[in-house]
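> have a look at this prediction, sequence included:
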Amino acid sequence: MSALRVDGLLLEVLDAFAEARLRPIVLKGPAIASWLYDGVGERLYVDCDLLVAPEAGPRAESVLRHHGFRPVQHGLLGAAHSWRRGDDCVDLHTSLAGLGVAPAVAWARLSHGTATIPIGGGAAEVEVLGEPARALHLALHVAHHDDATTKPRRDLERGLQLLPRETWAAAAALAAELRAGAAFTTGLRRVSGGRELLAELGVAEESAPLTTLLERGAPPTALGIAQLAATRSARHLPAALARAAFPTPGYMRRSWPGAERGPVALGAAYARRLTYLARHLPAGLSAWRAARRT
């Protein structure tokens, strides 16, 4: 029932995007469930993940606002931004986490060679990534989640069991093309059979500070520093720093106990956050430097 509800939401959003002449590509959710799993409900999903061209991002956000969605900050940075309308959630991507190329370059490559799948009991066909790109995305997803997140790991392990080696070889070549080798190999070596696949394909294992920190369970401040260090343009850094120090009120109310009680409590939560950051920044900086050396 959850999947059917999300399929209905997905069809609503895709229709709205089509009216605005936007081209969204469906990530995860039904794109994985219909590809790697057999029965309805065997692989659950609760939100919609859509990839759009970077230059189309503002128009896509405008469409979501028009349909009652509001932005929700879940973390510091990232290639995706969450939008909510009650229990409905859309994650809007302009790139994929772990790619080392500019979003425009990523879109030009990922939007080529796509496929379509039926959703909503065959009510509509939606565009999804091609199989090598989907396989790459399975590994990237594991690389950027901690070990407690089991769904991405299960998806990747199932992909290793079911997909032919030719698909994984093409995924490895795509990872090299998009400068995603560190995230690709990190994701694979975190699951059963991943290292064996890398050896079979002749792909050398790589690491990056962010994926190394995630593997080590580093403090949140270290992860924040790694994300800030990965900011591609110096002109975006001030906004990223401001977002790190002063997240949105909605984020604070969800993440800091007591912040939802009113304006005074929210202000106190911001003060506690700044104190926390100042106290833990040295340890985070030390962990990030160690990850860079690694």
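Received it, and whenever you're ready, just let me know what you need.

> buried residues in the helix or strand containing Ile117, which are they?
Element membership for Ile117, per DSSP states H and E: strand 115-119. Across strand 115-119, burial judged by 16 or more other C-beta atoms under 10 Å covers Ala115, Ile119. Where you see a C-beta, it was placed from the backbone N, CA and C, and this is true even at glycine.

> how far out from the middle of the chain is that strand?
Chain-centre distance of strand 115-119: 21 Å, with C-alpha atoms, centre = their mean, to the nearest Å.

> go on, stretch 163-180?
18 Å.

> ditto for stretch 190-205
Worked out by C-alpha atoms, centre = their mean, stretch 190-205 lies 22 Å from the chain centre.

> where does the stretch 151-294 of the chain dip in pLDDT?
The stretch 151-294 of the chain contains residues with pLDDT under 70 at 215-217, 230-234, 236.

> all strands of it, in order?
With DSSP state E, counting those that start in this stretch, there are no strands along the stretch 151-294 of the chain.

> endpoints of stretch 198-206, how far apart?
End-to-end distance of stretch 198-206 (C-alpha to C-alpha, to the nearest Å): 11 Å.

> same for the strand holding Ile117, what does it pack against?
Under the contact criterion of 3 or more C-beta pairs under 8 Å, 6 or more residues apart in numbering; DSSP states H and E, strand 115-119 touches helix 2-19, helix 30-36, strand 124-128.

> and of the ones you listed, who's closest to Pro54?
Set against Pro54 and scored by C-beta to C-beta, the helices and strands packed on strand 115-119 come closest in helix 2-19, at 15.2 Å.

> C-alpha coordinates for the closest one, PDB please?
Output of helix 2-19 as PDB, limited to C-alpha atoms (Å, rounded to 0.1, in the frame of the first residue of the first chain):
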ATOM      1  CA  SER A   2       2.900   2.300   0.800                       C
ATOM      2  CA  ALA A   3       4.400   1.700  -2.600                       C
ATOM      3  CA  LEU A   4       1.100   2.300  -4.400                       C
ATOM      4  CA  ARG A   5       0.600   5.500  -2.500                       C
ATOM      5  CA  VAL A   6       4.100   6.700  -3.500                       C
ATOM      6  CA  ASP A   7       3.400   5.700  -7.100                       C
ATOM      7  CA  GLY A   8       0.300   7.900  -7.100                       C
ATOM      8  CA  LEU A   9       2.400  10.800  -5.700                       C
ATOM      9  CA  LEU A  10       5.000  10.200  -8.300                       C
ATOM     10  CA  LEU A  11       2.500  10.300 -11.100                       C
ATOM     11  CA  GLU A  12       1.100  13.500  -9.800                       C
ATOM     12  CA  VAL A  13       4.500  15.200  -9.600                       C
ATOM     13  CA  LEU A  14       5.600  13.800 -13.000                       C
ATOM     14  CA  ASP A  15       2.400  15.200 -14.600                       C
ATOM     15  CA  ALA A  16       3.100  18.600 -13.100                       C
ATOM     16  CA  PHE A  17       6.700  18.500 -14.300                       C
ATOM     17  CA  ALA A  18       5.500  17.500 -17.800                       C
ATOM     18  CA  GLU A  19       3.200  20.500 -17.900                       C
END
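
> fine by me, we can end here.
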